[in-house]
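Enquirer: got a structure for you, letters missing:
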């Protein structure tokens, strides 16, 4: 990385010759570095300049403005770090070598989670939907709502709807590795898995479905006379979609007949 880019954030992946040159310059500037360290208690606070990210910074001829914690690690370990230098203490201004260790992006993310500095979900600066809206998107997707309608309702694209529903964006803690949802049975409360899309599933088995029907209210179909069960809160008067269609057709015919009778000629 050139010097211009290194002024914004210290270079991590540098070639061997630049690493050697940077380490030599750090060794030559050790006295200047230590003059800006306030060693009090566990954390050694950096008293010099700081980067916009909150890390201490020191100007190097080879790499430009460089993180003070990286320089501290290099002085303690006898070489320039080849990866990120992370803080065990969570204090970005600390340069105590005992609080520093070398690690990759995964370790850095784990550190951020442990210290509570990782902005995820609705706390992220680029988050467009709240956690409640994300849960609603997933609920609608599971219930089989068209992705185009969900996207229009929340002002996002259909690709984002699929990514949110399948757990590629915003966590997906209700999804297993195969992309199935964890749902709770309305009868027994046990968790079960099902694939997104299709009709709404409320029970983990036919036994639970039958048990729920036994608790439901018996009703006689207005069209065919068949007995069926409905939840107490439902207002169904027909046993199937077919009977519902017949009832609607008959109702429309009766309405037209009454209209003709009441029309004055």
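Expert: That came in fine, so what should we check first? This structure is a prediction, so every number in the text was calculated from the model and none was measured.
Enquirer: how about the one helix or strand residue 132 maps to: buried residues?
Expert: Using DSSP states H and E, residue 132 falls within helix 131-142. Of the residues in helix 131-142, those buried by neighbour count under the rule 16 or more other CB atoms under 10 Å are 133-134, 137-138, 140-142. Yep, even glycine has a C-beta here, placed from its N, CA and C like the rest.
Enquirer: now for it, which elements pack on it?
Expert: Helices and strands in packing contact with helix 131-142 are listed as helix 147-154, helix 158-165, strand 181-184; criterion 3 or more CB pairs under 8 Å, 6 or more residues apart in numbering; DSSP states H and E.
Enquirer: now the second one against helix 147-154, angle please.
Expert: Computed with axes from the mean of the first three to the mean of the last three CA atoms, to 10 degrees, the direction of helix 158-165 lies at 90 degrees from that of helix 147-154.
Enquirer: Now do the buried residues in helix 158-165.
Expert: Of all the residues in helix 158-165, those buried under the rule 16+ other CB under 10 Å are 160-162, 164-165.
Enquirer: Can you say which of the helices and strands packed on helix 131-142 is nearest to residue 34?
Expert: Smallest distance to residue 34 across the helices and strands packed on helix 131-142 (CB to CB): 49.3 Å, for helix 158-165.
Enquirer: which residues touch that closest one?
Expert: Residues outside helix 158-165 that contact it (CB atoms under 8 Å, 6 or more residues apart in numbering) are 129, 134, 137-138, 141-142, 147-148, 150-151, 154, 156, 168-170, 172, 196.
Enquirer: Quick one: work out the angle between it and helix 131-142.
Expert: Compare the direction of helix 158-165 with that of helix 131-142 by the same axes, to 10 degrees and you get 100 degrees.
Enquirer: any idea of the mean pLDDT in helix 158-165?
Expert: In this model, helix 158-165 has a mean pLDDT of 83.
Enquirer: The residue nearest to residue 137 when sequence neighbours are not counted and residue 146, how far apart?
Expert: In space, residue 137 comes closest to residue 164 once its chain neighbours are excluded; the distance is 5.2 Å by CB to CB, 6 or more residues apart in numbering. Relative to residue 146, residue 164 is positioned 15 Å away (CB to CB, to the nearest Å).
Enquirer: pLDDT weak spots in this structure?
Expert: Under the criterion of pLDDT under 70, the regions of the chain flagged as low confidence span 1-18, 116, 118-125, 167-168, 171-182, 195-200, 213-215, 231-234, 251-265.
Enquirer: in it, which spans are strands?
Expert: Assignment of strands within the chain using DSSP state E yields the ranges 37-39, 44-46, 57-60, 64-67, 84-87, 100-103, 181-184, 191-194, 217-220, 227-230.
Enquirer: sorry, back to before: quick check, nearest of the buried residues of helix 131-142 to residue 97?
Expert: residue 134 (41.7 Å).
Enquirer: Skipping adjacent residues, who's closest to the closest one in space?
Expert: For residue 134, the nearest residue in space outside its immediate sequence neighbours is residue 170; the separation is 5.0 Å by CB to CB, 6+ apart.
Enquirer: so what's the one you found up against?
Expert: Here residue 170 is in contact with 121, 127, 129, 131, 134, 164 (criterion: CB under 8 Å, 6+ apart).
Enquirer: what do you get for residue 235?
Expert: Under the criterion of CB under 8 Å, 6+ apart, the contact list for residue 235 is empty.
Enquirer: How is the chain divided into domains?
Expert: Using automatic domain parsing, the domain ranges for the chain come out as 3-115, 131-208, 216-262.
Enquirer: where exactly do the helices run in the stretch 151-265 of the chain?
Expert: 158-165, 206-215, 241-262 (DSSP state H, counting those that start in this stretch).
Enquirer: Tell me which residue is most central in this structure.
Expert: Central residue of the chain (CA atoms, centre = their mean): residue 170, 1.7 Å from the mean position.
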